[in-house]
Each structure stands twice: as structure tokens, then as C-alpha cells.
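Asks: Here is a sequence with its predicted model. Questions after.
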Amino acid sequence: MSRHLAWILLKPIFILKPITSLIVTSHQRKIIHVDADAFYASVEMQQNPALTKVPVAVGGKPDRRGVIATCNYIARQFGVRSAMPAAHALRLCPDLVFVTPNFPLYKQVSARMHDIFGRYTSLIEPLSLDEAYLDVSQCTDFQGSATRIANAIRGDVKRELGITVSAGVAPNKFLAKIASDWRKPNGTFVITPDEVEAFVLELDVSKINGVGKVTSQKLAHMGIQTCADILAYDAKRLTEKFGKQGHRLIQLANGVDERPVQTSRIRKSLSVEHTYSNDIANESEIQERTLSLLDELRERVERSKMSKLVAKRVVKVKFHDFTQTTLEKRLASHQEDWDDKQAYQAMISEAWKRSSKPVRLLGIGVAFNQGLASGMSTQLDLFTSAPKDGATNEAPTDSISSDTTAPKDKIDS
Ligand SMILES: [Mg+2]
């Protein structure tokens, strides 16, 4: 705090602006940028292990003058890249295997990946199917260690979805995004608040998200290669040349980026579940377990600040033979407490008695009022939501929907 005060005293001219930033930065933020490695190609390799040992490109066939959407790391060794014409890629790598994109599948895997993020924070900003910013500043898992949260997410994704993701951990979005690229593939790179200054000074301007070819060439002509060069350059001349972008470049070169993580998604449901090491075979134990799940669920719903929007209770029972059943019931009225113990216990019993077999997993959750949620904005279903009921829901039940138009952090227009 004292640093901010000193700064304000030294720079009285900027007093209006820093007052808001003082509030925003009064606690150190912890942002994670998660980015799947060669996402489409990884999903294809996960589906078809024969592809794991060969160069793979997802996207247009060379005879149709197509363009490559993504390629795996083997293909990259040959110089193949995303957005490259397929015919050119084939010249670089004659054994390249082309796979037609399967977007419904990628969306499904993406939804499950975002469900995993949702276990750690509700502040998620999706950028694309395979990329998101997470604000974990308030997260209490792992004593609040963002690095360990990032690694836990990477572990969950690898274990449950069979693909790898990389993560960048930093005090803001700008640096987190750069960091996620630093140890790719399958790595975590952390920039602590203390390291920000040194890291940024050495940073090549072309690494700044939004500084494209045109801007970096212009900057190069001005002798600007790194962020240190930006700071050394006359600020007035820089802003004359680049206008608003110039201001932003100076801010970023100082390691400052106060854009919040914007959750454009609307949560449709929230649930907790537990797989037991020994199957549970009697009803009273099932009832007991339901109550401890309810405690966990209550905490999550409170944290989501959506308890007033609960419309339905949901339960899931998976039996020892991996068959499962789900049940959902609408609350009788808005006055009814959503977290009523008896109501959940009765539902779990009802679901269990459909088979009355030993139980390996119990889950309970809530579904939120979609009428209220959808009224908030025009939300498009980027992420497929988990099935509402039926016997074969393997996907995690925390389903979300989100805007397909992710905000772009472009400096080049
Ligand atoms: Mg990616």
C-alpha cells in the first residue's frame, strides 16, 4: 500500500486514474491462462492412438487447397504450422496425415475441460475452445497457490481427457498469456509479482498479444525490439505514432494490465460428486454420504452467489457395474430452501432403488433458472451442456454456456 501512496505523491498529475487502479490492485491478483497443446490434433490422437506416432494435421486436404487448422508436434518438427496451406505442408512433410476436423467432438472435450476449470474458480473467461483465463485470486485450494492450482488443472485434464494443456501463472492476463507459451507443450510457467519487472524488460514486443507483423515492423524501424526499448523511447512520440495503442504498449511494458477476467458464461448447473474407494451397499450409508456431499454443494452454491436462482435439485447414482441413473426435481416454489436435506435424501433413495445395486459414485447438484440466466444477454451455446438425465452421462455435470465471441486483445486492427 505504501508503494502506491508514494507513487501517487510522486505523480500527482495522474491522481484520478490511479485511484481506481489502487482499488483494483490493492490485492495481488492471481491469473492463470490455460491453453491446450495442439488441441484439435491432440483430441484426434486421443481418439485414435495410431496417430500418436505420425505427423498429423487437422484441416483441409491438399487436393482441395485447404488450410491447416492445427497440427501435432511431430508435424511441427517438419516446419508445418497452423494456417499453412495444406499443399505447402505436404511438401515440407510428405508423410503428413490429414484428418478432417470433428468440431462437435472438440466442443465436447472443450466443455469438459471448462468443467474442470470450474472446480477451482467460477471466474473463467473462455477465449476459444481450448484457451481460457482463470482468476484464482480468491481460490482457497492448495493454500491459494496459483501454481499448484494450475498444475492440478493440468493433471485433471490429462487424466480425464487424455490431452495435455500448458498454463501460465501471473498477476495479470497479459503476462499469464505469454507465460502459458513459455513451457509449451505440457508445461507451467510462473511469473511471480517480484519477477514481473525483469521478465517484461527483456520481452520481445512481438510476444505482446495483439502486436502483429505490421506493428512490430513499425516498432523495429523506431529501434524498438523489447519492452525495455518501449520504456526508453519518448512516450509522447510513441503515443503520437500509435495513439491509444501507444498508451497501452507503455502500460504493458511496465507489466501493468488491469483488465479483469470477464466471465461471459452463464452457469447452468453446479454439482459435486464423489467416487468411493469401496462400493456402498446399504441405504443408510448412502444417506449419510449424501449429507456430506450436501455440505460441499452448499458451499459451492454460496460461492457462486446464485443460490436464489436454483430451480432444480439433481442427483446422480453410479453403480458398481458403471451403469448410472440421474434424477432431477423442480423446487415447488422460490420460497423453498433449495438445500433441504430430506429432499436430497429422498431423491438419492429413489434413484438408488431403481437398481438397488452397490454404489461406486454419488453426485448431487442444482440446476439454475434458465429463464433468468438467458435474459442476461444473447448467449450462444459454445459449450455443449452435460445431458440432463438418462443413464449414460459420463461427462462432469457442471455444465456451462458461453458467448462464442470471445473478446480479442488486439492492438493491430
Ligand atoms: Mg492451444
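Replies: All right, it came through fine.

Asks: Residue 326 sits in which helix or strand?
Replies: strand 324-330 (DSSP states H and E).

Asks: pLDDT (mean, whole number) over that strand?
Replies: Strand 324-330 shows a mean pLDDT of 92.

Asks: Can you spell out which helices and strands pack onto it?
Replies: Judged by 3 or more CB pairs under 8 Å, 6 or more residues apart in numbering; DSSP states H and E, strand 324-330 is in contact with strand 310-319, helix 341-352. For every residue, glycine as well, the C-beta is placed using N, CA and C.

Asks: Each with direction, which strands does the shortest one pair with?
Replies: Pointing back at strand 310-319 there. strand 324-330 (antiparallel), strand 359-368 (antiparallel) (DSSP bridges).

Asks: any idea of the angle it forms with helix 341-352?
Replies: Strand 310-319 and helix 341-352 meet at an angle of 40 degrees, taking axes from the mean of the first three to the mean of the last three CA atoms, to 10 degrees as the criterion.

Asks: which stretches of the stretch 1-150 of the chain form strands?
Replies: Using DSSP state E, counting those that start in this stretch, the strands of the stretch 1-150 of the chain run over 31-36, 56-59, 68-71, 97-99, 124-128, 131-135.

Asks: Of all those, which one comes closest to residue 194?
Replies: Closest to residue 194 of these, according to CB to CB: strand 31-36, at 15.9 Å.

Asks: Identify the residues contacting that closest one?
Replies: 42, 113, 117, 130-137, 146, 149-150, 153-154, 157, 163-173, 175-177, 179-181, 184, 261 (CB atoms under 8 Å, 6 or more residues apart in numbering).

Asks: Okay, and which of the residues you listed map to helices?
Replies: Judged by DSSP state H, the contacts of strand 31-36 include 42, 113, 117, 146, 149-150, 153-154, 157, 173, 175-177, 179-181 as members of helices.

Asks: Show me which of those residues are buried.
Replies: Those of these that meet the buried threshold are 42, 113, 117, 146, 149-150, 153-154, 157, 173, 175-177, 179-180, by 16 or more other CB atoms under 10 Å.

Asks: and the gap between the nearest residue to residue 148 once chain neighbours are set aside and residue 174?
Replies: Distances taken as CB to CB, 6 or more residues apart in numbering place residue 142 nearest to residue 148, at 3.8 Å, with adjacent residues excluded. For residue 142, the distance to residue 174 equals 24 Å [CB to CB, to the nearest Å].

Asks: Compare those two (neighbour count), which wins?
Replies: Neighbour count, other CB atoms under 10 Å: between residue 142 and residue 174, residue 174 has more, with 25 against 15.

Asks: Determine the number of other residues adjacent to residue 289.
Replies: 17.

Asks: Which helix or strand contains it?
Replies: Assigned by DSSP H and E, residue 289 falls within helix 283-304.

Asks: list the helices and strands that helix packs on?
Replies: strand 269-280, helix 341-352, strand 359-368.

Asks: can you list those in CSV and add distance to residue 224, mean pLDDT and mean neighbour count?
Replies: Output for the helices and strands packed on helix 283-304, formatted as CSV (distance: least, CB to CB, whole Å; pLDDT from 0 to 100; neighbours: other CB atoms under 10 Å):
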stretch, distance to residue 224, mean pLDDT, mean neighbour count
strand 269-280, 47, 89, 16
helix 341-352, 61, 96, 18
strand 359-368, 49, 93, 23
